[in-house]
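S.K.: Here's my sequence, what's the structure:
(chains A, B, C and D)
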2 protein chains.
Amino acid sequence: MTAATPDTPEAAPAPGSPAWWADRPGPRTAPRRGRPALDTDHIIATALRLVDEHGAPAFSLRTLADALGSGTATLYRHFAGKDEILAHLVDRVLGETDLSDLDALTTWQEVLTAMAHRFYDALRHHPHIVPLFMAQVPVGPNGLAQRERVLHALLAHGVPVGLAARAFAAVGHYVIGFAAQQHGPAAASPDTAPQLAAFYRQLDPATYPAITRAATALTSVPLVEEFRFGLGLLVTGLERHTPHTGKDPAGSRA
Amino acid sequence: MTAATPDTPEAAPAPGSPAWWADRPGPRTAPRRGRPALDTDHIIATALRLVDEHGAPAFSLRTLADALGSGTATLYRHFAGKDEILAHLVDRVLGETDLSDLDALTTWQEVLTAMAHRFYDALRHHPHIVPLFMAQVPVGPNGLAQRERVLHALLAHGVPVGLAARAFAAVGHYVIGFAAQQHGPAAASPDTAPQLAAFYRQLDPATYPAITRAATALTSVPLVEEFRFGLGLLVTGLERHTPHTGKDPAGSRA
DNA sequence: ACCTGAACACCGTTCAAGT
DNA sequence: ACCTGAACACCGTTCAAGT
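M.R.: Alright, predicted model coming up:
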């Protein structure tokens, strides 16, 4: 906050927002002396387990406190409220994605594709968390670390910096949108595609001719194949914007 | 439910799910005789206004009933519960997008681009609704009508049916992902991009060199421009998959 | 000093009592 | 027959009272 935004009251930044994360202490781990009754990491890990097992609607501070053998008031000694706990859940899920080997890949296309698939896998592992990714760019410590790694790898492969940033954003949006609609919490079964196809085919072909045609044609296309397809579109489109593909062993200016 | 899914209890389909919409009465408008104290459309319109004005967290059946001059119990005579009302909200927002002129466009590229921009505009008008698009494919009556129109237009321009379905899905996922992260309810200001850029630039360049480089390079890129960029990637990528572009007046085999 | 039971003002949902 | 006030079992959050 240097000088801009003069008349905004900005009473308190919303948990999960950039301004809020900016006020957090860094990635240091043990801020409290002695042994607090409850460990912050332990709280978040338990919360994630509860959401994974019983779904977000069943998650409450009371169930969390019960699982920890504590009371709800105790949670407020570690977090400002429920929203803050949820923001930490999002960042923890992002932290489960290992992108440390991204620099070893040989083309920027592989970097983007690997990043998309691993992010997608993390979201698939925690379908009930997906809605929490809505509504803001995840800029917690883990989210920042991942973003840094991907951008670094793209830049290392000669992708112009503006293109790298927009490519990261476009792929990220695609992955979140895909995971949300195909693996969201409302999907009781691990694979809703067959149900959706059945629903489309059951529609009246007279009123929905194109939908029913498409549904029949799409029978038995695995979800991961559809994911790969859309991702391939983005990568292919990006190749048109790069000075050279990055695959070519002979640099353009060597 | 013909024969499959033998051991699933499937007590009641979740509101908004395909199975749930399948049980809804069609788009007929006046199912009740006489004049009910509360009109269904009026309830949804009021609910949408409340969510738009005060945000989803502040929306409750009690505030809705108050705005209608009624009691919460009365709402249960029109809807099974809050989730059902929210599912109708999603479909109503989709209904605000006018796609009736899609057939007049001359290329499938224009069809996809127009569809994406109009869908995006609808979501921008109702940022608090965006999270509700998570977790399921919107298959309410309006959602189906839009899907039918777009698929029809794509097929009319010679796009193979399998490609049309996957193109629709990929673009839809991209739009939802973009709108969710850039215009979600947590974004108090109408344009969070400057805030995000400021946040990135304030980071320590030593620990986040790539992010800070990218943030500086991306200063003053309008959001709509970034949206257009990712959308262009998808359309460009799709052109590689089509037998002929549909723009070229001379067919590839004439 | 640190923790927390119990209360507060809500919430979605139900149902017996009203008309 | 239709509607709904009032209750039910929750929720996130707070704070005075405990140790």
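
S.K.: so where do the helices sit in the stretch 101-250 of chain A?
M.R.: With DSSP state H, counting those that start in this stretch, the ranges of helices along the stretch 101-250 of chain A come out as A:108-125, A:130-133, A:141-156, A:161-183, A:193-202, A:209-218, A:223-239.

S.K.: elements contacting the fourth one?
M.R.: With contacts defined as 3 or more C-beta pairs under 8 Å, 6 or more residues apart in numbering or on different chains; DSSP states H and E, the secondary structure elements packing on helix A:161-183 are helix A:108-125, helix A:130-133, helix A:141-156, helix A:223-239, helix B:161-183, helix B:209-217, helix B:223-239. In short, each C-beta sits where N, CA and C put it, glycine included.

S.K.: Nearest to B:Glu110 among those helices would be which one?
M.R.: B:Glu110 lies closest, by C-beta to C-beta, to one member of these: helix B:223-239, at 9.4 Å.

S.K.: which residues of chain A score low on pLDDT?
M.R.: For chain A, residues meeting the criterion pLDDT under 70 lie at A:1-12, A:24-38, A:135-136, A:182-194, A:219-220, A:243-254.

S.K.: Residue of it nearest DNA strand C, please.
M.R.: Per C-beta to the nearest atom of the strand, A:Ala73 is where chain A lies closest to DNA strand C, at 2.8 Å.

S.K.: ok so, going back, let me have the helices of the stretch 101-250 of chain A in CSV, extended by distance to B:Asp83 and mean neighbour count.
M.R.: Formatted as CSV, the entries for the helices of the stretch 101-250 of chain A read as follows, by distance: least, C-beta to C-beta, whole Å; neighbours: other C-beta atoms under 10 Å in any protein chain shown:
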stretch, distance to B:Asp83, mean neighbour count
helix A:108-125, 22, 20
helix A:130-133, 13, 23
helix A:141-156, 30, 21
helix A:161-183, 17, 24
helix A:193-202, 18, 18
helix A:209-218, 25, 20
helix A:223-239, 25, 19
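
S.K.: Helix, strand, or coil at the closest residue to A:Ile44 other than its chain neighbours?
M.R.: Computed as C-beta to C-beta, 6 or more residues apart in numbering or on different chains, the closest residue to A:Ile44 that is not its neighbour in sequence is A:His88, at 4.9 Å. In three-state terms, and counting by DSSP: H, G, I helix; E, B strand; the rest coil, A:His88 is helix.

S.K.: ok, now which ones touch A:His88?
M.R.: A:44, A:47, A:79, A:140 (C-beta atoms under 8 Å, 6 or more residues apart in numbering or on different chains).

S.K.: same check, this time on A:Arg49
M.R.: By C-beta under 8 Å, 6+ apart, the contact list for A:Arg49 reads A:Ala67.

S.K.: what residues does chain A put near DNA strand D?
M.R.: Residues of chain A lying near DNA strand D by C-beta under 7 Å from any atom of the strand: A:59-63, A:72-73, A:76, A:81-83.

S.K.: Give me the number of neighbouring residues for A:Ala67.
M.R.: By the other C-beta atoms under 10 Å in any protein chain shown criterion, the neighbourhood of A:Ala67 contains 13 residues.

S.K.: Likewise for A:Asp98?
M.R.: Close neighbours of A:Asp98, defined as other C-beta under 10 Å, add up to 11.

S.K.: and the two most separated of the contacts of A:His88?
M.R.: Maximum pairwise distance among those (C-beta to C-beta): 14.5 Å, between A:Ala47 and A:Gly140.

S.K.: any idea how far A:Ala45 lies from A:Leu132?
M.R.: Between A:Ala45 and A:Leu132 the computed distance is 16 Å (C-beta to C-beta, to the nearest Å).

S.K.: What of A:Val161?
M.R.: Note on A:Val161: its distance to A:Leu132, by C-beta to C-beta, is 30 Å.

S.K.: Using JSON lines, lay out the helices and strands packed on helix A:161-183 together with distance to DNA strand C.
M.R.: What follows is the helices and strands packed on helix A:161-183, written out as JSON lines (distance: least, C-beta to the nearest atom of the strand, whole Å):
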{"stretch": "helix A:108-125", "distance to DNA strand C": "26"}
{"stretch": "helix A:130-133", "distance to DNA strand C": "16"}
{"stretch": "helix A:141-156", "distance to DNA strand C": "24"}
{"stretch": "helix A:223-239", "distance to DNA strand C": "30"}
{"stretch": "helix B:161-183", "distance to DNA strand C": "22"}
{"stretch": "helix B:209-217", "distance to DNA strand C": "35"}
{"stretch": "helix B:223-239", "distance to DNA strand C": "31"}
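
S.K.: Against A:Ile85, how distant is the nearest residue to A:Ala22 once chain neighbours are set aside?
M.R.: Leaving aside its chain neighbours, A:Ala22 sits nearest to B:Phe199 (6.3 Å; criterion: C-beta to C-beta, 6+ apart). Using C-beta to C-beta, one gets 22 Å for the distance from B:Phe199 to A:Ile85.

S.K.: sorry, back to before: same list (the helices of the stretch 101-250 of chain A) but as CSV, adding distance to B:Val235.
M.R.: Supplementary listing: the helices of the stretch 101-250 of chain A in CSV, determined by distance: least, C-beta to C-beta, whole Å:
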stretch, distance to B:Val235
helix A:108-125, 18
helix A:130-133, 25
helix A:141-156, 22
helix A:161-183, 12
helix A:193-202, 24
helix A:209-218, 19
helix A:223-239, 7
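
S.K.: Nearest to B:Arg147, out of those helices?
M.R.: helix A:209-218 (5.8 Å).

S.K.: contacts for that closest one?
M.R.: Surrounding helix A:209-218, the residues in contact under the criterion C-beta under 8 Å, 6+ apart are A:197, A:200-201, A:203, A:205, B:144, B:147-148, B:151-152, B:155, B:161-162, B:164-166, B:168.

S.K.: That one: how far from the chain's middle?
M.R.: Centroid separation for helix A:209-218 versus its chain: 31 Å, with C-alpha atoms, centre = their mean, to the nearest Å.

S.K.: how big is the angle separating that helix from helix A:193-202?
M.R.: Orientation of helix A:209-218 against helix A:193-202 (axes from the mean of the first three to the mean of the last three C-alpha atoms, to 10 degrees) gives an angle of 140 degrees.
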